[in-house]
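task: produce atomic coordinates for the following.
(one chain, ligands or ions: 1)
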Amino acid sequence: MSSIKRIGILTSGGDCAGLNAVISAVVKAATKKGWEVYGIHNGTDGITEKPHSFEVLTVHNFSDSPWPRLSGSYLGSLNKGVKMESLEEMTRKFAVGVKELGLDAIVVVGGDGSMNIVSNYCKGTLAKVVGIPKTIDNDTPITEFSVGFHSAVQVCTSAIDSLELTARSHSRALIMEVMGRDAGHLAMHSAIAGAADVCLVPEIPYTIDGVINKLKEIKASGRNHAVIVVSEGIKTEAGEHLSNKKNLVGEAVYGGISQYLCNEISSRYNAFQVRTTTLGHVQRSGVPVAFDRLLASLYGAEAIEVLARGEDNKMVIWKGGKIDAVDLSEVVKSGTTLLNPKSEYVKAAKELGMYIGEI
Ligand code: F6P
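Numbers count the residues shown, from 1 in each chain. As a prediction, the model looks like this:
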């Protein structure tokens with residue numbers, strides 16, 4: 001059993017819709033246990049930097065405001081653009097901050113990378129850690145869904161709907177580039193929901209001729225337009241990434257593959273005018289959809305239960321329609337979850353006649 005009196009909650013990494021619903025749920029569940037909640041500003045920076053940046057959160061912060069219904073992070077997230085100090089130095093600063101703030105436990109709302117980092121920092125403290133997965137990429141291992149994914153799918157699906165209408169007016173093939181880094185979940189889910197004609201994901205090789213054959217088939221059927229969804233992380237036809245840029249925590253930085261596709265298709269086939277749209281960071285915002293808010297609420301409540309049971313270094317998950325908690329070490333060991341080319345999503349897309357690559 002726990003002897004927790006005060007916990008901290010922080011959001012870390014790229015934001016997404018649903019973070020505020022998570023914060024709200026954690027505050028409500030912790031308050032019910034009689035625990036005090038410190039909302040840590042700007043990821044771990046609020047703990048490691050001086051003066052520490054935080055605020056005491058009560059249920060009134062959320063029940064008297066629209067925040068749980070809004071995207072973004074009420075607390076701010078960690079800015080990966082800033083050069084990080086060594087792990088030893090950060091761990092030392094973190095331990096000092098946790099002690100000065102009197103935190104008995106920390107709830108990290110982040111990807112597996114953020115949870116691993118905070119869990120390592122916590123080794124220098126007595127504080128317990130529990131993680132809540134969030135990312136539009138939906139690539140956090142073990143859990144089936146991370147908070148923010150379904151809201152991003154909604155943004156992308158609405159964009160496909162909009163593009164389809166203008167494609168129809170101008171007899172065009174419109175390419176839409178979506179985020180997701182090395183995982184094709186966001187592209188594949190939204191392509192299926194939006195009934196796109198082509199979906200290219202990093203996990204499945206494709207050919208430009210394959211895309212063109214699909215466009216020819218559409219033309220032959222009498223339709224004058226098409227929508228192509230492409231994941232930012234796909235390679236060129238020759239199997240290379242357009243750029244090998246990495247951010248300061250070593251993650252790949254993508255963008256621009258849709259223009260390459262546009263040039264390649266246009267140079268070999270001209271029955272459709274081809275144009276590109278890169279959705280960008282709007283995918284991380286928008287209205288948090290009901291499923292993300294539901295997930296946020298269940299995860300928030302479970303995270304507090306995990307701490308109340310005295311457990312440490314856990315991440316809450318959704319699997320087979322059930323909420324559970326697994327060891328963070330298991331999560332870290334598992335690595336990123338990519339789209340399984342044998343999944344029901346890929347199978348359905350193929351059976352619906354979408355060109356999804358050479359599979
Ligand atoms: O991991 C979330 C994500 O939105 C990816 O899909 C995308 O590649 C990346 O973050 C963008 O990062 P930044 O906000 O640093 O441009």
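
for the stretch 201-350 of the chain, what lies in contact range of the ligand?
Applying CB under 6 Å from any ligand atom, we find that the stretch 201-350 of the chain lies next to the ligand at E232, Y254, R284. (Glycine included, C-beta is placed from N, CA and C.)

what's the neighbour count on the second one?
Per other CB atoms under 10 Å, the neighbour tally for Y254 reads 20.

hmm, back to that, out of the residues of the stretch 201-350 of the chain next to the ligand, which one has the weakest pLDDT?
Across those, the smallest pLDDT goes to Y254, namely 93.

wait, is A173 part of a helix?
No - with DSSP: H, G, I helix; E, B strand; the rest coil as the criterion, A173 is located in strand rather than a helix.

which residues does it contact?
A167, L215, H225, A226, V227, I228, I265, F272, Q273, V274 (CB atoms under 8 Å, 6 or more residues apart in numbering).

show me what it is bridged to.
Counting by DSSP bridges, A173 forms beta bridges with A226, V274.

what segments of the protein are strands?
Shown for the chain, the strands assigned by DSSP state E span residues 6-11, 36-40, 54-57, 105-110, 128-133, 172-178, 198-200, 226-231, 273-278, 314-319, 322-327.

I'd like these as CSV, with mean pLDDT appended.
Output for those, formatted as CSV (pLDDT from 0 to 100):
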stretch, mean pLDDT
strand 6-11, 98
strand 36-40, 98
strand 54-57, 98
strand 105-110, 96
strand 128-133, 96
strand 172-178, 98
strand 198-200, 98
strand 226-231, 98
strand 273-278, 98
strand 314-319, 97
strand 322-327, 97
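
for the ligand, give me its nearest residue in this protein.
Of the chain, the residue with the smallest distance to the ligand, taken as CB to the nearest ligand atom, is M179 at 3.2 Å.

just checking, that residue touches D139?
No - here M179 does not reach D139: they are 11.2 Å apart, not a contact under CB atoms under 8 Å.

export stretch 165-183 to PDB, keeping only CA atoms.
Taking Å, rounded to 0.1, in the frame of the first residue of the first chain, the C-alpha atoms of stretch 165-183 are listed here in PDB:
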ATOM      1  CA  LEU A 165     -14.400  17.400 -53.000                       C
ATOM      2  CA  THR A 166     -11.800  19.700 -54.600                       C
ATOM      3  CA  ALA A 167     -10.200  16.800 -56.400                       C
ATOM      4  CA  ARG A 168     -13.600  16.100 -58.000                       C
ATOM      5  CA  SER A 169     -14.000  19.700 -59.100                       C
ATOM      6  CA  HIS A 170     -10.600  19.800 -60.900                       C
ATOM      7  CA  SER A 171     -10.200  16.200 -62.100                       C
ATOM      8  CA  ARG A 172      -7.100  15.800 -59.900                       C
ATOM      9  CA  ALA A 173      -5.200  13.200 -58.000                       C
ATOM     10  CA  LEU A 174      -4.400  14.800 -54.600                       C
ATOM     11  CA  ILE A 175      -1.700  13.500 -52.400                       C
ATOM     12  CA  MET A 176      -2.000  14.000 -48.600                       C
ATOM     13  CA  GLU A 177       1.100  13.500 -46.500                       C
ATOM     14  CA  VAL A 178       0.400  12.600 -42.800                       C
ATOM     15  CA  MET A 179       2.700  12.300 -39.800                       C
ATOM     16  CA  GLY A 180       3.400   9.100 -37.900                       C
ATOM     17  CA  ARG A 181       7.200   9.000 -38.100                       C
ATOM     18  CA  ASP A 182       8.200   5.400 -39.000                       C
ATOM     19  CA  ALA A 183       4.800   3.900 -38.300                       C
END
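
name the residues of that stretch that are buried.
Buried residues in stretch 165-183, counted by 16 or more other CB atoms under 10 Å: 167, 172-183.

tell me how far that stretch is from the chain's mean position?
From the chain centre to the centre of stretch 165-183 is a distance of 20 Å (CA atoms, centre = their mean, to the nearest Å).

could you do stretch 224-243 as well?
For stretch 224-243, the distance to the chain centre is 20 Å (CA atoms, centre = their mean).

what do you get for stretch 132-143?
Relative to its chain's centre, stretch 132-143 lies at 6 Å (CA atoms, centre = their mean).

isn't E237 up against V211?
No - with contact defined as CB under 8 Å, E237 and V211 do not form a contacting pair (9.6 Å).

tell me which of these two has more neighbours.
More neighbours surround V211 than the other of E237 and V211, with 27 against 16 (other CB under 10 Å).

the more buried one is in contact with V198, isn't it?
Yes - contact criterion CB under 8 Å: V211 and V198 qualify, at 5.6 Å.

what is in contact with these two at once?
Residues touching both V211 and V198 (CB under 8 Å, 6+ apart): I228, Y355.

picking that back up, from the buried residues of stretch 165-183, which is closest to E305?
When the buried residues of stretch 165-183 are compared for distance to E305 (CB to CB), A183 wins out at 29.3 Å.

residues in contact with the closest one?
D137, N138, D139, P202, E203, S231, G233, T336, T337, L338, L339.

I'm done for today, thanks for sticking with me.
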